[in-house]
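S.K.: just coords:
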């Protein structure tokens, strides 16, 4: 049916788009690692959004809950990466053993890297709520900067960048082999 085909292609294109976004994030991490990264616009957006929320009644609670939700997303990614549940949605009959093995490895590493990044963002959003300081909130680029400035930071950032690149590759495998049937 034409409507079902359009939905299948939309889901696949969404996976390709996610792959491109995560490849871009890996590139940003590599730039930070090489020393070319500066303070990012994502941090500025996080600061502005957090400042706005903190000014609302119960804003501190809203920001704190938001940080907890982001940590929850990180934990969900950690679970999906370690359990490899993402493979359940693949049409494995169409995959060769190499695609399945390397797609699974990329997916596991990528989901764990996302867990690290989301976890860092969530922690700093909660810190912003507790200290009532919107400048404590960070975006994705800020999380990568925090990794770079930590002890063993360049190594952590390199591993995380590799993980984000792996997630991008996983998204491409997912776009190709995901079961997008309507049922």
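M.R.: Nice, I can see it. Predicted model, so just to flag it, every value in this text is computed and none were measured.
S.K.: Helices along this protein, start to end?
M.R.: For the chain, the helices defined by DSSP state H cover 2-33, 41-55, 59-83, 97-131, 140-149, 153-177.
S.K.: of all these, which lies closest to residue 91?
M.R.: Minimum separation from residue 91 across these (Cβ to Cβ) falls at helix 153-177, 5.4 Å. All C-beta atoms are positioned from the backbone trio N, CA, C, and that covers glycine.
S.K.: Please identify the buried residues of the closest one?
M.R.: 153, 156-177 (16 or more other Cβ atoms under 10 Å).
S.K.: Would you format the helices of the chain as CSV with mean pLDDT included?
M.R.: Shown next, in CSV, are the helices of the chain (pLDDT from 0 to 100):
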stretch, mean pLDDT
helix 2-33, 68
helix 41-55, 72
helix 59-83, 91
helix 97-131, 90
helix 140-149, 74
helix 153-177, 86
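S.K.: right, so of the ones you listed, which gets closest to residue 89?
M.R.: Among the helices of the chain, helix 153-177 sits nearest to residue 89 (Cβ to Cβ), with 7.6 Å.
S.K.: I'd guessed residue 64 sits against residue 130; true?
M.R.: Yes - if you go by Cβ atoms under 8 Å, residue 64 and residue 130 touch, sitting 7.2 Å apart.
S.K.: okay, those two: which has more neighbours?
M.R.: The neighbour count for residue 64 versus residue 130, taken as other Cβ atoms under 10 Å, is higher for residue 64 (18 against 13).
S.K.: got a list of what residue 107 touches?
M.R.: 81, 84, 86, 87, 166, 167, 170, 173, 174 (Cβ atoms under 8 Å, 6 or more residues apart in numbering).
S.K.: mind listing what the third one touches?
M.R.: Taking Cβ under 8 Å, 6+ apart as the definition of contact, the neighbours of residue 86 are 80, 107, 111, 170, 174.
S.K.: Same check on the second one?
M.R.: Residues in contact with residue 84, defined by Cβ under 8 Å, 6+ apart, are 104, 107, 108.
S.K.: so what's the backbone phi/psi at it?
M.R.: phi 60, psi 30 (degrees, to the nearest 10).
S.K.: what pLDDT does it get?
M.R.: Residue 84 carries a pLDDT value of 96.
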